[in-house]
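Engineer: Requesting a structural model of the entry that follows:
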Amino acid sequence: MSRNLLPLLLFFAILFAPVTILAQTALPDTGFVKQSVDGAVQAYRNAVGSHAHLYNGPEYFVSIRPYVKGHQFFKEKSFVKGAVLYDGAWFYEVPMTYDVALDEVVIAHAGGGYSQMLVKPKVKEFLLSGHTFVHLNTDSVAGTRLQAGFYDLMYDGSVKMLVRRKKVLKEQATSAGIEGEFNVEDAYYLWKDGKYYEVGSKHSVLKVLGGEKKLLNKFARTNGLRFKKQREEAIFKITHYYDTLEPKEQ
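Structural biologist: Take a look at the predicted model:
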């Protein structure tokens with residue numbers, strides 16, 4: 001082996017040492033540097049596997065505030081396995097979470113031991129904790145009051161129900177010190193006949209659906225739908241019911 005090449009190979013062996021330690025047992029002295037480099041690269045490839053294309057986003061970091069109640073993530077604050085349609089391809093069994101406050105999808109880097117955000121324009125859709133999130137880009141919300149970003153597609157029929165998940169950190173100074181809490185401020189939308197409508201009350205939902213107010217009102221009363229205290233469930237159920245009715249001419 002060339003003496004000029006040995007320092008370079010030794011540098012790479014040291015660079016990849018953390019991965020090498022996990023992947024290899026003791027190696028014979030002969031060809032140690034070359035085997036260390038090759039083993040490190042192979043260990044990284046094995047860890048990342050078919051998900052390598054995902055790991056091109058910026059590193060994710062949030063400061064820890066012990067005084068803050070709650071968290072900024074959707075459902076679980078830890079990583080859970082999900083799926084994402086990224087840059088035109090589906091990736092499954094991906095350890096991920098959704099930072100609702102930042103509106104960013106975060107994944108655990110298999111080979112680096114840190115977290116990173118996916119490049120948002122490349123994320124078309126992702127599945128997490130039984131929910132389907134779609135990315136509405138700037139063009140798709142042009143001319144509406146919606147903001148570009150991720151929306152929870154709760155119902156997908158002739159009428160679609162979408163939820164813009166939102167958590168806002170509220171902080172204040174008190175006699176005991178700084179206090180803070182993440183408040184949920186979700187917004188609800190119906191998509192019908194090519195248009196988006198923001199809804200919340202029963203009146204606003206019936207106004208969008210239209211044409212079947214008597215049946216929908218009866219359904220809401222019979223099923224005890226509570227639009228103030230259980231808004232999300234009520235909107236979902238009445239939207240689903242509307243979609244089961246015989247189509248009427250508008």
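Engineer: got the phi/psi numbers for the most centrally placed residue in the chain?
Structural biologist: Residue closest to the mean C-alpha point of the chain, counted by Cα atoms, centre = their mean, is Y98 at 3.5 Å. The phi/psi pair for Y98 (degrees, to the nearest 10) reads phi -120, psi 110.
Engineer: got a list of what it touches?
Structural biologist: By Cβ atoms under 8 Å, 6 or more residues apart in numbering, the contact set of Y98 is F73, F74, E104, V105, V106, F126, L128, F133, F150, R165. For glycine as for every other residue, the C-beta is placed from the backbone atoms N, C-alpha and C.
Engineer: how close does the first one sit to S129?
Structural biologist: As for F73, its distance to S129 is 10 Å (criterion: Cβ to Cβ, to the nearest Å).
Engineer: Compare those two (neighbour count), which wins?
Structural biologist: Taking neighbours as other Cβ atoms under 10 Å, F73 and S129 compare with F73 leading, 20 against 12.
Engineer: The more buried one and D99 touch, don't they?
Structural biologist: Yes. Using Cβ atoms under 8 Å, F73 makes contact with D99 at a distance of 6.0 Å.
Engineer: Just checking, which helix or strand of this structure averages the lowest pLDDT?
Structural biologist: Using mean pLDDT, DSSP states H and E, the weakest-scoring helix or strand in the chain turns out to be helix 17-23, at a mean of 36.
Engineer: Redo the contacts of Y98 as JSON lines? Include secondary structure, pLDDT and distance to S204.
Structural biologist: Below are the contacts of Y98 laid out as JSON lines (DSSP: H, G, I helix; E, B strand; the rest coil; pLDDT from 0 to 100; distance: Cβ to Cβ, whole Å):
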{"residue": "F73", "secondary structure": "strand", "pLDDT": "96", "distance to S204": "29"}
{"residue": "F74", "secondary structure": "coil", "pLDDT": "97", "distance to S204": "25"}
{"residue": "E104", "secondary structure": "strand", "pLDDT": "97", "distance to S204": "30"}
{"residue": "V105", "secondary structure": "strand", "pLDDT": "97", "distance to S204": "30"}
{"residue": "V106", "secondary structure": "strand", "pLDDT": "96", "distance to S204": "33"}
{"residue": "F126", "secondary structure": "strand", "pLDDT": "98", "distance to S204": "28"}
{"residue": "L128", "secondary structure": "strand", "pLDDT": "97", "distance to S204": "28"}
{"residue": "F133", "secondary structure": "strand", "pLDDT": "98", "distance to S204": "23"}
{"residue": "F150", "secondary structure": "strand", "pLDDT": "98", "distance to S204": "23"}
{"residue": "R165", "secondary structure": "coil", "pLDDT": "98", "distance to S204": "19"}
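Engineer: Thanks again, I'm all set now.
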